[in-house]
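[1] below are the sequence and a predicted model; questions follow.
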Amino acid sequence: MKQIELKSLAKINLGLDVLGRRENGYHDVRMIMQSIYLYDEVKIKRTKNPGIEIKTNLYFLPTGKENIAYKAAEMLIEEFHIEEGVHITLNKHIPVAAGMAGGSSNAAAVLYGMNKMFDLKLTQTELMERGVKLGADVPYCIMRGTVLAEGIGEELTTLTPMPKCFVLIAKPPISVSTKVVYEALDSKELVEHPDIDGLIEGLEKRDLKTIASCMGNVLEDVTIPMHPVIEEIKQEMKNAGALNAMMSGSGPTVFGLFETKAAARKAQDRIRRRALAKQVYVTNVHGAGRN
Ligand SMILES: C[C@](O)(CO)[C@H](O)COP(=O)(O)OP(=O)(O)OC[C@H]1O[C@@H](n2ccc(N)nc2=O)[C@H](O)[C@@H]1O
Ligand SMILES: Nc1ncnc2c1ncn2[C@@H]1O[C@H](COP(=O)(O)OP(=O)(O)OP(=O)(O)O)[C@@H](O)[C@H]1O
């Protein structure tokens, strides 16, 4: 195989709870992850000459070792003594530094794609074991779908697929560092924890309303006071008919769940008109089950 083209899907967190802090600074989490049909196109080409070349449509992204896709390729090239090189093209659509696992998803695509192209015969579990060395969200981005993530995010259990619905994504023009958000959480006392078990029950019952009512993200307590526009976007989505709206991951992206496309479009228009966010997309959940 000389070339492969992959869809590198973004994720949202339907629920995000933090249970404690480890000595190395990482946190134990309990999260419900969901992949959505907002994706980067990742193209990998084999080259006779060794070396890794990254090209991307976003001028501000690193193309060397600081790009997580580069790290993923380097990891496999070193471990399997691959003598050829790779050209990787990242056509990015997922907002960057947004809580949507854009980089992690690109790394997952590179691991998955190179495993196929170079016939490395790694199982999905073996790919995920390598993925977690690149980032806590990478194993999930290899697995995709509706998943309970525990540990630091790498202990994964597949759940009943999310019912079909429309997802509105709005990324305000601010960047948030995941590390800074988790660190700031350490000095806060968590009074309220999201109902992760309720979310799982809602999924089992395929009941979108229960799912929406159990959504919660403890990282909002840190990121919203830093960037109040997040709360404004949430309110705008709810006013326009979202079943619920919440920040994804460490933020600042907000997502809303809608029963109809028309309602999602209405919210999209209002958010654009008020200039709360420029990157505003209506999409679907990936791998949705029957309603
Ligand atoms: C916020 C989420 O996106 C929710 O899905 C993830 O928990 C973050 O996953 P990620 O970006 O892949 O995380 P990494 O790239 O491994 O880590 C970035 C930084 O986030 C913090 N971090 C991350 C994951 C975790 N369970 N605890 C943490 O404290 C660490 O300070 C780390 O330095
Ligand atoms: N392939 C890549 N795509 C996007 N960002 C990348 C990539 N490689 C490295 N980066 C850098 O990583 C940082 C975070 O990017 P990313 O979009 O993955 O964050 P995120 O959405 O917060 O991810 P997560 O939800 O996993 O925390 C950016 O500042 C960017 O410069």
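    Great, that's in hand. Ligands and ions are numbered 1, 2, ... in the order given.
[2] around ligand 2, which positions in this structure sit nearby?
    If contacts are counted using C-beta under 6 Å from any ligand atom, the residues of the chain sitting beside ligand 2 are 61-62, 66-69, 90, 96-104, 106, 137, 178, 249-250. Yep, even glycine has a C-beta here, placed from its N, CA and C like the rest.
[3] hmm, 8 Å instead?
    Counting by C-beta under 8 Å from any ligand atom, the positions of the chain adjacent to ligand 2 are 11, 40, 54, 56, 58, 60-62, 66-70, 90, 92, 94-107, 135-137, 175-178, 248-250, 253.
[4] could you turn the buried ones of those into a PyMOL selection?
    For anyone working in PyMOL, the buried entries among the residues of the chain next to ligand 2, judged by 16 or more other C-beta atoms under 10 Å, can be selected with:
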select buried, resi 11+40+54+56+61+67+68+69+70+90+92+94+95+97+98+99+100+101+102+103+104+105+106+107+135+136+137+176+178+248+249+250+253
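[5] out of the residues of the chain next to ligand 2, which sit inside strands?
    With strands defined by DSSP state E, the entries of the residues of the chain next to ligand 2 inside them are Lys11, Asp40, Ile54, Thr56, Leu90.
[6] circling back to that earlier point, out of the residues of the chain next to ligand 2, which are close to ligand 1?
    Checked against ligand 1 using C-beta under 8 Å from any ligand atom, those yield the following neighbours: 11, 99, 101, 103-104, 135-137, 177-178, 248-250.
[7] partner strands of the helix or strand where Leu16 lies, parallel or antiparallel?
    With secondary structure defined by DSSP states H and E, Leu16 is part of strand 3-21. Sheet neighbours of strand 3-21, with direction, are listed as strand 27-47 (antiparallel), strand 216-217 (parallel) (DSSP bridges).
[8] quick one: closest of these to Gly198.
    For the strands paired with strand 3-21, the distance to Gly198 is smallest for strand 216-217, at 9.3 Å, taking C-beta to C-beta.
[9] can that closest one be said to contact ligand 1?
    No. Taking C-beta under 8 Å from any ligand atom as the criterion, strand 216-217 and ligand 1 are apart, separated by no less than 8.8 Å.
[10] beyond that strand, next helix or strand please.
    Towards the C-terminus, the helix or strand next in line after strand 216-217, according to DSSP H and E, is helix 220-226.
[11] so how far is that following helix from its chain's centroid?
    Its chain's C-alpha centre and that of helix 220-226 lie 19 Å apart, by C-alpha atoms, centre = their mean, to the nearest Å.
[12] convert it to CSV, retaining C-alpha atoms only.
    Only the C-alpha atoms of helix 220-226 are listed here, as CSV (Å, rounded to 0.1, in the frame of the first residue of the first chain):
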residue,chain,number,x,y,z
GLU,A,220,-16.3,24.3,33.3
ASP,A,221,-15.7,25.5,36.8
VAL,A,222,-12.2,26.5,35.7
THR,A,223,-12.5,27.6,32.1
ILE,A,224,-15.8,29.5,32.2
PRO,A,225,-14.7,32.1,34.9
MET,A,226,-11.6,32.6,32.6
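[13] helix or strand right after it?
    Proceeding N to C from helix 220-226, the next assigned helix or strand is helix 229-239, under DSSP H and E.
[14] for that next one, name the packing helices and strands.
    Other elements packing on helix 229-239 under the criterion 3 or more C-beta pairs under 8 Å, 6 or more residues apart in numbering; DSSP states H and E are strand 166-171, helix 220-226, strand 244-247, strand 254-258, helix 261-273.
[15] any chance of TSV for the ones you listed, columns mean neighbour count, mean pLDDT and distance to Thr210?
    As requested, those are arranged in TSV below (neighbours: other C-beta atoms under 10 Å; pLDDT from 0 to 100; distance: least, C-beta to C-beta, whole Å):
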stretch	mean neighbour count	mean pLDDT	distance to Thr210
strand 166-171	25	98	17
helix 220-226	18	96	20
strand 244-247	24	98	11
strand 254-258	29	98	12
helix 261-273	17	97	19
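[16] mind putting those in JSON lines, distance to Gly198 included?
    Compiled in JSON lines, those are given as follows (distance: least, C-beta to C-beta, whole Å):
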{"stretch": "strand 166-171", "distance to Gly198": "20"}
{"stretch": "helix 220-226", "distance to Gly198": "17"}
{"stretch": "strand 244-247", "distance to Gly198": "13"}
{"stretch": "strand 254-258", "distance to Gly198": "15"}
{"stretch": "helix 261-273", "distance to Gly198": "24"}
